[in-house]
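J.: Structural data only, the sequence is not supplied:
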């Protein structure tokens, strides 16, 4: 068996050049072997800067390369499905940026192709690899919070550039697809299932036509979740504003940097038990800066090498996309919507 997984990357998007490709190079179980770019001059320039051995002039050529074991897909949202599907069909394992697709039907097709090909595919939520999320699971499992009753999440940033794909509705832009996918994924991680029904209200940018402010209530039956996401709100710094909290029958939990860390940053997980007063924690867990893009690549590669490490099936992405579709319908119809199964 190979000692490392040989990676190829489709496209030279900023998240790939700035975060994931350096992470592949730093991960002990991974080797960054090739880059494909439709702009060959750009591809060669990036490859020279990062020391990537091979450059392909087309995505098809990289997928046909027998030396490649796994493919990372950082393309614009509307291209994720097409190239993740083609990568699976070419016999490659796939790590695809979030959102995995922009419709539930597309995710269902990827599930079918995964089963047919026998190859592994995951949605690239790097935050799930950060050790603070393992601690969250540990705290909940220990019963410190009692029964989990609700979850609240907020993510926001000023995305005002007209050229930003987040502001292109035809490219899967907008707050729900970009930031809402984080919030929904996290809520489902805590509750271990998708909501039964949802209701939402959206505010759309009159020029970009994307949802720039989206708020939702998710009904899990005997427990609830609520979130607000905004692409023209909060910080204009290098990272999104983030809040995430869990309310239990006997306590609570709060994370101050729960999701994507554009730069590895120290973070805290605060816990209030039955003796806590106000928002003052009884226990605080501090985490040193961690590159969760590196953690993601290393875990994914070790999984392919046969190690027993965590993984998240793309059925999770199917639940997220069904929820997003129900939220859009809810906002249009001004009513609660069941989440399709």
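T.: All right, it came through fine. In this text, all values refer to a predicted model and were calculated from it rather than measured experimentally.

J.: Spit out the contact partners of residue 28.
T.: Listed by Cβ atoms under 8 Å, 6 or more residues apart in numbering, the contact partners of residue 28 are 4, 298. Just so you know, the C-beta spots here come from the backbone N, C-alpha and C atoms, and that holds for glycine as well.

J.: Kindly recompute the last result at 10 Å.
T.: 3-4, 294, 297-298, 301-302 (Cβ atoms under 10 Å, 6 or more residues apart in numbering).

J.: are any of those buried, and which?
T.: By neighbour count, with 16 or more other Cβ atoms under 10 Å, the contacts of residue 28 hold 4, 294, 297-298, 301-302 as buried.

J.: residue ranges with poor pLDDT in the stretch 151-300 of the chain?
T.: Within the stretch 151-300 of the chain, no stretch has pLDDT under 70.

J.: can you give me the strands in the stretch 51-200 of the chain?
T.: 54-56, 70-73, 93-97, 121-124, 148-156, 197-204 (DSSP state E, counting those that start in this stretch).

J.: Check which residues of stretch 188-196 are buried.
T.: 188-191, 194-195.

J.: Helices - which of the residues you listed land there?
T.: Among the buried residues of stretch 188-196, DSSP state H puts 188-191 in helices.

J.: ok, back up a step: now, the contacts of residue 28 that are in helices?
T.: The members of the contacts of residue 28 that map onto helices under DSSP H are 294, 297-298, 301-302.

J.: got these as a markdown table, with distance to residue 43 columns?
T.: Listed next are these as a markdown table, based on distance: Cβ to Cβ, whole Å:
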| residue | distance to residue 43 |
| --- | --- |
| 294 | 23 |
| 297 | 20 |
| 298 | 25 |
| 301 | 23 |
| 302 | 28 |
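
J.: Now the two most distant members of those.
T.: Maximum pairwise distance in those, criterion Cβ to Cβ, is 12.3 Å, between 294 and 302.

J.: ok, now which ones touch the residue nearest the centre of the chain?
T.: In the chain, the residue lying closest to the centroid (Cα atoms, centre = their mean) is residue 125, at 2.7 Å. Residues in contact with residue 125 (Cβ under 10 Å, 6+ apart) are 97-100, 133, 181-182, 185-186, 189, 259-260, 292, 296, 312, 316-317, 320.

J.: Let's see that with 6 Å instead.
T.: Contact partners of residue 125, counting by Cβ atoms under 6 Å, 6 or more residues apart in numbering, are 98, 185.

J.: coming back round to it: to residue 168, which of the strands of the stretch 51-200 of the chain lies closest?
T.: strand 197-204 (13.4 Å).

J.: Cool, thanks, signing off.
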